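J.: structural data only, the sequence is not supplied:
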């Protein structure tokens, strides 16, 4: 890209955006797109060193550069596809003019009919003469009913068939979670104005999770959240992820600079290299961790068997036991490099970084998540996702509790609240008096009731004369 008409970044001045747009609009070749992309990436890297009059101006400038970069990359995709198509056509014309077969097409096989074997003609004298008495033998072919399918002479190709290549996969941008948001609707509206695109978000308690697409919006939102001191966390972009390998077989006193120099001589591009230490004893181990950017050449590092005149083994870095945990806020499933939450000590749980801890060795640790007598990264911490009940188990326990409540309610419905009708039993007075004994009721004395006997008299004396019934 020609930058003579724009201000250089060496003088800490922003480049002129209309000039860059004019240059991009005149691009006609894919190589020009690559050069423009490299130059725009350089302009973006110099943004922190440029002095702007306001934060809004800085955000607008960064947004314009990211938008132009996306346009350049999409233009490169279209131009490169067309250039490859034209080059392929020229290649086919040249091969056909030379009379050579096309290597991209398989060889065409020709179907040849089977030759009939001819038998020599024998003399007539050797031939047996038929006799009139010999009966004729009837022969039948069992395969007459089968249909013979002849192979097609030509393969028909549908010219109207759509053979366009699959669409290019859009770049992925990880979500950004902002904590303690008072007015989420206003914040989302402000983010949409800054990025110039429609954003999708999700509320999680007092936090809001924003899904920025494309990656240009990811950088704008993250810079704004950092400048406004908003507590947030996010994840690494896929293109920024590194290859991390472990080399076995080297002594602990091997200088990491020698390892990096040997790798560079072999064509690799290592970024960092350091010896690994034991987690509990802090002793040096004969293991070296090497970090490289993702590329096809660097992926061949696993094929190395000898380095620095030593036989070695190269393997990928093993994942830690349990979910990833942030060293800054002690939260789970994100990295401290992409977290701006308030710090929390791993050992004492106080609001400061772990490296600033002044806790004595003899003092027991305090978990900043559950206030238990252990460090925040302990695997048996109840706040660790490994120790939390899974959704299926939680659902199962909820269903069991619901069934238990239903059983209790059914039992209560079966037990009547009113007295049931029982058969009436007639007891004589003597039986009743026995029930009122002092044994059952100590406060009452037994009462003796005399028994009356009725005598039947046919004629009772009456003063009023005989009574007729």
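T.: Cool, the structure landed. As the structure is a prediction and not an experimental result, all values here were calculated from the model.

J.: would you mind confirming that residue 52 is in contact with residue 61?
T.: Yes: Residue 52 is within contact range of residue 61, at 7.0 Å (criterion: C-beta atoms under 8 Å). To be clear about C-beta, it is placed using only N, CA and C from the backbone, and glycine gets the same treatment.

J.: okay, those two: which has more neighbours?
T.: Neighbour count, other C-beta atoms under 10 Å: between residue 52 and residue 61, residue 61 has more, with 18 against 14.

J.: rewinding a little: list residues touching both of residue 52 and residue 61?
T.: Shared contacts of residue 52 and residue 61 (C-beta atoms under 8 Å, 6 or more residues apart in numbering): residue 14.

J.: and the longest strand belonging to the chain, average pLDDT?
T.: Looking across the chain with DSSP state E, the single longest strand is strand 284-293. Averaged across strand 284-293, the pLDDT comes to 93.

J.: run through who's touching it.
T.: Contacts with strand 284-293, where a contact means C-beta under 8 Å, 6+ apart, come from 242-252, 254, 256, 259-260, 263, 268-278, 298, 301, 317.

J.: note down every partner strand of that strand and its orientation.
T.: Strand 284-293 has the following strand partners under DSSP bridges: strand 242-248 (antiparallel), strand 272-277 (antiparallel).

J.: could I get the ones you listed as TSV with distance to residue 359 and mean neighbour count?
T.: Formatted as TSV, the strands paired with strand 284-293 follow (distance: least, C-beta to C-beta, whole Å; neighbours: other C-beta atoms under 10 Å):
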stretch	distance to residue 359	mean neighbour count
strand 242-248	31	17
strand 272-277	21	15
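
J.: any chance of those strands in CSV, with mean pLDDT and distance to residue 387 too?
T.: Converted to CSV, these look like this (pLDDT from 0 to 100; distance: least, C-beta to C-beta, whole Å):
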stretch, mean pLDDT, distance to residue 387
strand 242-248, 93, 28
strand 272-277, 93, 28
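
J.: relative to residue 407, which of the ones you listed is closest?
T.: Taking C-beta to C-beta, strand 242-248 is the member of the strands paired with strand 284-293 nearest to residue 407, at 55.5 Å.

J.: list of residues touching the closest one?
T.: By C-beta under 8 Å, 6+ apart, the residues outside strand 242-248 that reach it are 259, 271, 276, 286-294, 298-299, 301-302, 307, 312-318.

J.: apply 10 Å and report the result again.
T.: 236, 254, 259, 263, 268, 270-273, 275-276, 285-295, 298-299, 301-302, 304, 307-308, 310-318 (C-beta atoms under 10 Å, 6 or more residues apart in numbering).

J.: ok now it, how far from the chain's centre?
T.: Taking the mean of its C-alpha atoms, strand 242-248 sits 23 Å from the chain's own mean (C-alpha atoms, centre = their mean, to the nearest Å).

J.: one step back: can I have the buried ones of the contacts of strand 242-248 as a ChimeraX selection?
T.: In ChimeraX, a selection of the buried entries from the contacts of strand 242-248 looks like this (16 or more other C-beta atoms under 10 Å):
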select :254,259,263,268,270,273,275,287,288,290,292,298,301,304,307,308,312,314
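
J.: now do the contacts for residue 278.
T.: Residue 278 neighbours (C-beta under 10 Å, 6+ apart): 284, 285, 287.

J.: now stretch 87-105: average pLDDT?
T.: On average, stretch 87-105 scores 78.

J.: should've said stretch 226-237
T.: 91.

J.: how about low-confidence regions in the stretch 301-450 of the chain?
T.: Judged against pLDDT under 70, the low-scoring parts of the stretch 301-450 of the chain cover residues 391-394, 415-450.

J.: partners of the helix or strand following the longest strand of the chain, with directions?
T.: Per DSSP states H and E, the first helix or strand lying C-terminal to strand 284-293 is strand 306-307. As defined by DSSP bridges, the strand partners of strand 306-307 come to strand 310-311 (antiparallel).

J.: now do whichever helix or strand comes after the strand it pairs with: distance to the chain's middle.
T.: Once strand 310-311 ends, the next helix or strand along the chain (criterion: DSSP H and E) is strand 313-316. Distance of strand 313-316 from the chain centroid (C-alpha atoms, centre = their mean) equals 26 Å.

J.: pretty sure residue 342 sits against residue 326.
T.: No: look at residue 342 against residue 326 with C-beta atoms under 10 Å: they stay out of range, at 11.6 Å.

J.: which residue of those two possesses the greater neighbour count?
T.: More neighbours surround residue 326 than the other of residue 342 and residue 326, with 20 against 12 (other C-beta under 10 Å).

J.: now what about stretch 197-210, what contacts it?
T.: By C-beta under 10 Å, 6+ apart, stretch 197-210 touches 63, 67, 173, 175-182, 184-185, 187-189, 191-192, 195, 211-214, 216-218, 220-222, 225, 231-234.

J.: now with 8 Å?
T.: 175-181, 184, 187-188, 191-192, 211-213, 217, 221.

J.: among these, name the buried ones.
T.: Those of the contacts of stretch 197-210 that meet the buried threshold are 175-179, 181, 187-188, 191, 212-213, 217, 221, by 16+ other C-beta under 10 Å.

J.: residue 85 - how many residues pack around it?
T.: Close neighbours of residue 85, defined as other C-beta under 10 Å, add up to 10.

J.: can you name the next helix or strand after the helix or strand containing it?
T.: Assigned by DSSP H and E, residue 85 belongs to helix 55-98. In the C-terminal direction, the helix or strand that comes right after helix 55-98 (DSSP H and E) is strand 176-178.

J.: note down every partner strand of that following strand and its orientation.
T.: Here, using DSSP bridges, strand 176-178 pairs with strand 207-211 (antiparallel), strand 232-233 (antiparallel).

J.: and residue 384, which of these is closest to it?
T.: Nearest to residue 384 among the strands paired with strand 176-178 is strand 232-233 (18.0 Å), distances taken as C-beta to C-beta.

J.: quick one: distance of that closest one to the chain centre.
T.: Centroid separation for strand 232-233 versus its chain: 18 Å, with C-alpha atoms, centre = their mean.

J.: cool, and stretch 338-348?
T.: Remark: stretch 338-348 is offset 25 Å from the chain centroid, using C-alpha atoms, centre = their mean.

J.: just the terminal-to-terminal distance for it.
T.: One end of stretch 338-348 to the other measures 23 Å (C-alpha to C-alpha, to the nearest Å).

J.: so which residues make contact with that stretch?
T.: Counting by C-beta under 8 Å, 6+ apart, 179, 225-226, 229-236, 326-331, 350-354, 356-357, 359, 363, 365-366, 368, 375-377 sit against stretch 338-348.

J.: counting neighbours, which of these end up buried?
T.: When those are checked for burial by 16+ other C-beta under 10 Å, the buried set is 179, 225, 230-235, 326-331, 354, 359, 365-366, 368, 375-377.

J.: go through those and flag which are in helices.
T.: Residues of the buried ones among the contacts of stretch 338-348 located in helices (DSSP state H): residue 225.

J.: once you drop chain neighbours, what's closest to residue 334?
T.: Nearest non-adjacent residue to residue 334, counting by C-beta to C-beta, 6 or more residues apart in numbering: residue 233, 4.7 Å away.
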